[in-house]
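Novice: Would you be able to build a 3D model of this:
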Amino acid sequence: MISDEVWLAISTFPDAEIAGTIAQQLVTAQLAACANVLPGARSIYRWRGKVENASETIVLFKTTRARFAELQKRLKELHPYDVAEIVALPVVDGLPAYLAWVNESCETPSVAKID
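Specialist: Modelled structure (predicted):
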């Protein structure tokens, strides 16, 4: 089933500018079909023994299972945090045409269709 191959990857960033720059690079590299940049998140978390409170930007990346490992590797290289939040969830269902678009958009450049 196509929906088994689509994944939603989530990461947080210190601000929308950094998030947008990195998201642009990952979509351009066909590691994600789409990235939704959502500024204005408030994160409360434990870091180095104390509770922190920070404003962050969340990015939702639509990718595929086949491309996730490479997306994660590249995102880790680009990310400004010491320990970046990079988690992924399988998409269990969705509009078939959308899921097909995500798969097509994340094809490796060597096998991508040329119109």
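Novice: Just the CA atoms of stretch 75-88, as CSV, please.
Specialist: The C-alpha trace of stretch 75-88 is given here as CSV (Å, rounded to 0.1, in the frame of the first residue of the first chain):
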residue,chain,number,x,y,z
LEU,A,75,19.1,17.3,8.7
LYS,A,76,21.5,16.3,11.5
GLU,A,77,24.4,17.9,9.6
LEU,A,78,22.5,21.1,8.9
HIS,A,79,20.8,21.5,12.3
PRO,A,80,22.1,24.1,14.8
TYR,A,81,21.2,22.1,17.9
ASP,A,82,23.6,19.7,19.7
VAL,A,83,20.8,17.1,19.8
ALA,A,84,18.2,17.8,17.1
GLU,A,85,14.7,16.6,17.5
ILE,A,86,14.2,14.3,14.4
VAL,A,87,11.4,11.9,14.7
ALA,A,88,9.2,10.2,12.1
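Novice: Determine how far stretch 71-88 lies from the middle of the whole chain.
Specialist: On the basis of Cα atoms, centre = their mean, to the nearest Å, stretch 71-88 sits 9 Å off its chain's mean C-alpha point.
Novice: which residues in the chain form helices?
Specialist: Counting by DSSP state H, the chain has helices at residues 16-28, 65-78, 96-105.
Novice: What residues sit buried inside the shortest one?
Specialist: Of the residues in helix 96-105, 98-99, 102-103, 105 count as buried by neighbour count, 16 or more other Cβ atoms under 10 Å. For glycine as for every other residue, the C-beta is placed from the backbone atoms N, C-alpha and C.
Novice: before we move on, what about the longest one?
Specialist: Along helix 65-78, these residues count as buried under the neighbour rule (16+ other Cβ under 10 Å): 67-68, 70-72, 74-75.
Novice: could you give the angle of it to helix 96-105?
Specialist: Per axes from the mean of the first three to the mean of the last three Cα atoms, to 10 degrees, the angle that helix 65-78 makes with helix 96-105 is 60 degrees.
Novice: mind showing which ranges of the protein have poor pLDDT?
Specialist: Applying pLDDT under 70 to the chain picks out residues 1-4, 109-115.
Novice: That concludes my questions; thank you for your assistance.
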